[in-house]
Each structure stands twice: as structure tokens, then as C-alpha cells.
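K.L.:
dropping the sequence and predicted coords here.
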Amino acid sequence: MESNPLAIGTPSIRPLGRISEPPIGLNNGPARLHTSVWHAPDGWTILDRVELDRWIVDALPGQHWILSERPLAPNLRIPEKKGVDFELWSPDQLSNWLGEAILSGEIDARVSGLGNKEGNIEPNEVEEIRLESAWFESIRNDLCTMSPKVDLETWIERNPVGDNVRPTAVLVEARIWSVMGILRGPETNRERAWWGILDSPLFGSFELLEDPVFLGHRPDLRIISPSSWMEENIVLENISRVTETRKTYSPDSMSSVKIQGTWSLDPSSTEIDFVKVLVPAWIMEIPGATNNILNAVNGSLHPFNRTVM
């Protein structure tokens, strides 16, 4: 394949390139000359119509072939766009073709030594990631509660919200994402990194966490769950946004000069997982006025339109 700089993918469907020489056994099938090839990496959800609709918006006219490592949604209806002709292969279709091609000798399968490939994790990277993610591993099997940092009386003194405010302590359900992947900088610079990210729909936040503190017990309070959670493709878009950073790098290994550039997470290297957590908060009820909810961890105030019980 050759690169195709005009191809625009999505977080869940990524361009691999354009076929410059059709592979053996597929030259009369989906892999025609100049066909654009796309990859839907393995994940924890099925590939559905919503993601295909998002992809096809920017798809250029011509032949396209999408290889999915994720199972397809049952009775999946393929979207249409004038001038765009594409074929979608499920994991079974791809594995069957590979197996038949290997057995027939059309593909010579070899197992090579791992050596020091880019995808491998160096021992020092392993230890650094282990230390950074230790707090996440410690809460993996429990529904833990984040420790409050806001003193309610002090907050009310500094942020008048009206007379006769009636605060009600509650717990808000959120998710913490564990994200590991390769940060790519300018030139060939790269490093493997790990992040913990708090995803709280009720507070409208999706932000990096550094060494959060958790209570050793769960308070006996009402738990408020969000109306809905983000879909995986939106989560991946937000992960890409919050992990992008500016860091220094050396133009080459022999140079002592440091230049600052943008480092972005490589989508194909991203591994994600999540646990649910509880965030302490107060519903700030004022008779005759709109209710708000106060985040007891960071002190932010947000509208709260649900009925106070």
C-alpha cells in the first residue's frame, strides 16, 4: 500500500493506505488497485451504523475496504454516499481469508524474533507505568468514593448562592478511564505513557487525574447516576484531546538542542479500560430558584434539573 494523505478517518475507523499492488487472491475482490483500506481496531463494543455514518461523511469518492477487528452490529445497514463504494469485512471474514491463504501457500507465515520493536515496552517504561497507574489498580475491584476537598461553609461564604440555601449531600456516579499508548512527537520521537482520566457527565467534565485520594469507606448517601454515558468513539476523541501535549525533544541523538513540539497519542496504540467511582457533592436547593449541584472535590457548581428527594 501507499500512503493517502487525503484520507480522513475517525477515532474508531483509521486509514491504512491505498492499494498500489493488489494482494494475491483478492485482486478481483475488495482489494482492487487504488482501493483505500481502513482499519477498525479491536475494542469493547460492536461496530455499528453510527460509526459508519460518521466515517462516510469525509470518505472520498472511490473504492474503500474496511477491515474490522470488532464484531459487526446485528442486521447492520450499510450507509450510502454518491460516488463511494465500500466493502466491510468482519473479523471472521478476514481470519478465514488469512487462514485459507496460508494453507494454500499464497501467504508465507513466519514467526520472527521480537527484537527491539517500537511496540515493545522497555523495562524502565514498564516500571514507570506501574507506579503511575498503581492507584487505578487499587480501585479496580471496588466502587470507591473520591475524597472531598471542599469545606461547604467556607465555600458558601466565598460564593454567595442566595438566602436559605438547603444543601443535601449526595454521591455522583462517574468513570475513571485507564489509558495507555504511545505519544508521538515531531520527527521519530516517541514514548509510551499512561493516563487516568475522570469522565463525569453530570459535571460535564473529562479531565486528567493525578494521584486522586479515595475514602476508605462509602458514605451512606443517595447515588445519582448520569442520564447516559459517552459512546466509545466520543470517548476516544476526548482522550485524544486531553492527552495531546507540548514537550521538548532533540532534533537528533547527537544534538543537545531542545525544541518544543506537539506530542499526540497514536490511536492505533491506545489501550483503554475503566472503573466506576463516586464523586461527593451537594445539591444546593434554594426555594423558588433553580437548583445547582456543587462538586465537593473541585468546588465547581453546575445546574441540577432533577427532583430533589
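P.N.:
Yep, that arrived.
K.L.:
okay, CA-based contacts and neighbour counts for the rest of this
P.N.:
Will do.
K.L.:
quick one: contacts for Leu94?
P.N.:
Leu67 (C-alpha atoms under 8 Å, 6 or more residues apart in numbering).
K.L.:
got the phi/psi numbers for it?
P.N.:
With angles defined as degrees, to the nearest 10, Leu94 sits at phi -70, psi -40.
K.L.:
what's the burial count for Val170?
P.N.:
For Val170, the neighbour count with other C-alpha atoms under 10 Å is 22.
K.L.:
same check on Val279?
P.N.:
24.
K.L.:
what does Ile66 give?
P.N.:
Using other C-alpha under 10 Å, Ile66 has 21 neighbouring residues.
K.L.:
regarding the most centrally placed residue in the chain, what is its secondary structure?
P.N.:
The chain has Leu236 as the residue nearest its centroid, 2.8 Å off, counting by C-alpha atoms, centre = their mean. With DSSP: H, G, I helix; E, B strand; the rest coil as the basis, Leu236 sits in helix.
K.L.:
surely it is in contact with Pro11?
P.N.:
Yes. With contact defined as C-alpha atoms under 8 Å, Leu236 reaches Pro11; the gap is 6.0 Å.
K.L.:
for the protein, which segments are assigned as helices?
P.N.:
Here the chain has its helices, by DSSP state H, at 49-56, 91-104, 123-132, 134-138, 152-158, 232-243.
K.L.:
for these, give me CSV that also has distance to Leu198 and mean pLDDT.
P.N.:
Formatted as CSV, the helices of the chain follow (distance: least, C-alpha to C-alpha, whole Å; pLDDT from 0 to 100):
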stretch, distance to Leu198, mean pLDDT
helix 49-56, 24, 89
helix 91-104, 32, 80
helix 123-132, 15, 77
helix 134-138, 11, 89
helix 152-158, 22, 90
helix 232-243, 10, 92
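K.L.:
redo those helices as CSV? Include distance to Pro186.
P.N.:
Below are the helices of the chain laid out as CSV (distance: least, C-alpha to C-alpha, whole Å):
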stretch, distance to Pro186
helix 49-56, 27
helix 91-104, 34
helix 123-132, 20
helix 134-138, 30
helix 152-158, 44
helix 232-243, 16
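K.L.:
I'd say Thr270 and Ser178 touch.
P.N.:
No. Using C-alpha under 8 Å, Thr270 is not in contact with Ser178; the gap is 10.2 Å.
K.L.:
can you pull up the bridge partners for the closest residue in space to Phe86 that isn't next to it in sequence?
P.N.:
Residue nearest to Phe86 in three dimensions, not counting chain neighbours: His64, with 4.3 Å by C-alpha to C-alpha, 6 or more residues apart in numbering. Beta-bridge partners for His64, by DSSP bridges, are Ser36, Phe86.
K.L.:
His64: what's it in contact with?
P.N.:
Here His64 is in contact with Pro30, Thr35, Ser36, Val37, Trp38, Val84, Asp85, Phe86, Glu87 (C-alpha under 8 Å, 6+ apart).
K.L.:
burial count for the fifth one?
P.N.:
Around Trp38 there are 20 other residues, counting by other C-alpha under 10 Å.
K.L.:
equivalent analysis for the fourth one, please.
P.N.:
By other C-alpha under 10 Å, the residues close to Val37 number 23.
K.L.:
any idea how far it is from Ala59?
P.N.:
In this view, Val37 and Ala59 are 11 Å apart by C-alpha to C-alpha, to the nearest Å.
K.L.:
before we move on, what about the third one?
P.N.:
Note on Ser36: its distance to Ala59, by C-alpha to C-alpha, is 10 Å.
K.L.:
looking at these two, which is more packed in?
P.N.:
Ser36 (27 against 20).
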